[in-house]
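Colleague: Sharing a model that was predicted from the sequence below.
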Amino acid sequence: MEKLKIFPQITSLAWKSTKMQKWNTVTKTAGSGKARTMTTWQLPQWTINTSFAHLTDEQYKQVMGFFATVKGGFEPFLWLDPEDNHEKGIKLGTGATREWQALRRWGDYLEPINHITDVKLYVNGQERPCEVDNGKIRLRVGDEIPQDATITADYTYYWKVRLSGDSFTAELVYKNIMKSKEMKLVTVR
């Protein structure tokens, strides 16, 4: 699995943040007026806009240093979103297989995710030891389960993102207190 940097845990994000979902849909309209649509993407691109309401001098240097290490928008990194970062009791499948893909649930839509931690796997509601690799959750070797068993899991997930553009701006509000301008993060596959 690729080794990505993790954005520092700074809990002073502003309340005002947005997420935008984007698909690449192509529409062809015939002379009769009938339309034919298709998407060229299997998964959506997410854009997260957020800012820091306040940063201490140490946090300011930590964030500036982090963006310097990923060279602005050049290198992707892992983002632990403060609102959307956890699945609890998500159904992954049955015992017919020994490996399940971690998913993020948006209503009826399920999106695969690859970067998860704090995983708890349940077989028919009973916690079982598991191994995790690149978003795949699997039973340990020799652990047998019924084929019709219901498999659920709890886990924390990270978004794989990059900074959209190459700049990050912070301004001094008061002595040793900074706030950031809006930063835009875009998911990377």
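Modeller: Alright, I've got the coordinates. The shown structure was predicted, so the numbers you read here are calculated from the model rather than taken from an experiment. Numbers count the residues shown, from 1 in each chain.
Colleague: where's the residue most central in space within the chain relative to residue 185, distance?
Modeller: Residue closest to the average C-alpha location in the chain (CA atoms, centre = their mean): residue 159, at 2.1 Å. Counting by CB to CB, to the nearest Å, the separation of residue 159 from residue 185 is 7 Å. The way it works is simple: take the backbone N, C-alpha and C, and place the C-beta from them, glycine included.
Colleague: who touches both of these two?
Modeller: Counting by CB atoms under 8 Å, 6 or more residues apart in numbering, the contacts common to residue 159 and residue 185 are 48, 79.
Colleague: got the end-to-end distance for stretch 96-103?
Modeller: Stretch 96-103 has an end-to-end distance of 18 Å (CA to CA, to the nearest Å).
Colleague: What segments of the chain are helices?
Modeller: Listed in chain order, the helices of the chain (DSSP state H) span 57-69.
Colleague: Low-confidence ranges, it, go.
Modeller: 1-2, 15 (pLDDT under 70).
Colleague: what's near enough to touch the nearest residue to residue 29 once chain neighbours are set aside?
Modeller: Leaving aside its sequence neighbours, residue 29 sits nearest to residue 35 (CB to CB, 6 or more residues apart in numbering; 4.9 Å). Applying CB under 8 Å, 6+ apart to residue 35 gives the contacts 27, 28, 29.
Colleague: For the residue nearest to the centre of the chain, name its beta-bridge partners.
Modeller: Taking DSSP bridges, one finds residue 79 as the beta-bridge partners of residue 159.
Colleague: From what I see, it and residue 46 are in contact.
Modeller: Yes - using CB atoms under 8 Å, residue 159 is in contact with residue 46, at 7.1 Å.
Colleague: which residues do the two both contact?
Modeller: Common neighbours of residue 159 and residue 46, using CB under 8 Å, 6+ apart, are residue 187.
Colleague: Surely residue 92 is in contact with residue 151?
Modeller: Yes - between residue 92 and residue 151 there is a contact at 4.8 Å, judged by CB under 8 Å.
Colleague: Those two: who's more crowded?
Modeller: Relative neighbour count places residue 151 above the other of residue 92 and residue 151, with 23 against 19, counting by other CB atoms under 10 Å.
Colleague: I'd like to know how far the more buried one sits from residue 125.
Modeller: Residue 151 is 10 Å from residue 125, by CB to CB.
Colleague: Can you get me a residue count around residue 149?
Modeller: 16.
Colleague: ditto for residue 70
Modeller: Based on other CB under 10 Å, the number of other residues close to residue 70 is 16.
Colleague: repeat for residue 39
Modeller: Residue 39, neighbours per other CB under 10 Å, totals 11.
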